[in-house]
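In: turn this into a structure:
(3 chains)
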Amino acid sequence: MAYWLLKSEPDVFSFADLQAAGREPWNGIRNYQARNFLRQMCPGDLGLFYHSNTQPPHIAGVLRVVSEPYPDDLQFVAASDYYDPRSSTEAPRWSMVDVEPVAAFALPVTLDDLRALPEWAESPLVRRGNRLSVMPVSEAEFRAALRAGQPAQSVD
DNA sequence: GCCAACGTTGGC
DNA sequence: GCCAACGTTGGC
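Out: Model (predicted):
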């Protein structure tokens, strides 16, 4: 099983929104590096749901990948912000996976909290100027985040 | 294929 | 609102 970190701006789509929805496609990824990580995801993988562009930025909870990667439908929707005219149904450029909420963190784990954890010292997330919206997380990083976040429900 | 200009992300 | 980082675009 692999671990991931997925960023979302809470004003656009928050962990609470995912809890309300129950299951959602993680669409709108339009960066090749992030897309390539999405394509490595497998059902059962766990992810940290990171709230970006908020004060303070923080991990809000844990999600689970519940589908194989498949084409992001918004790339074909001309009216969508995520439309890509270079994409076709024969050769889709962008992928997504479906995700479900697993557990909210009792204690949101802020970026500063992560910087204080030795397990996170090497993560690109804690480095200045990092813009990658989907990234792999090591088991040690994941466990350290869980320990700090103290989710009410068991995650495993 | 190089690289300058531009656009976007996202912390501060 | 600023700006660092960095990906993308397009002229050449």
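
In: hmm, who's touching the host helix or strand of A:Val62?
Out: Element membership for A:Val62, per DSSP states H and E: strand A:58-65. With C-beta atoms under 8 Å, 6 or more residues apart in numbering as the test, strand A:58-65 has contacts from A:4-6, A:10, A:14-16, A:18-19, A:41-51, A:97-105, A:108-111, A:113-114, A:145-146, A:149, A:151, A:155. Where you see a C-beta, it was placed from the backbone N, CA and C, and this is true even at glycine.

In: near DNA strand B too, which of these?
Out: Near DNA strand B, judged by C-beta under 7 Å from any atom of the strand, the entries from the contacts of strand A:58-65 are A:Leu111.

In: among the contacts of strand A:58-65, which lie within strands?
Out: A:4-6, A:46-51, A:98-105, A:108-110 (DSSP state E).

In: got a quick ChimeraX command for the buried subset of these?
Out: Restricted to buried positions by 16 or more other C-beta atoms under 10 Å, the ChimeraX selection for the ones in strands among the contacts of strand A:58-65 reads:
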select /A:4,5,6,46,47,48,49,50,51,98,99,101,102,103,104,105,108,109,110
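
In: how close does the residue located most distally from the centre of chain A get to DNA strand C?
Out: For chain A, the C-alpha farthest from the mean C-alpha position belongs to A:Glu90; by C-alpha atoms, centre = their mean, that distance is 26.8 Å. Note on A:Glu90: its distance to DNA strand C, by C-beta to the nearest atom of the strand, to the nearest Å, is 20 Å.
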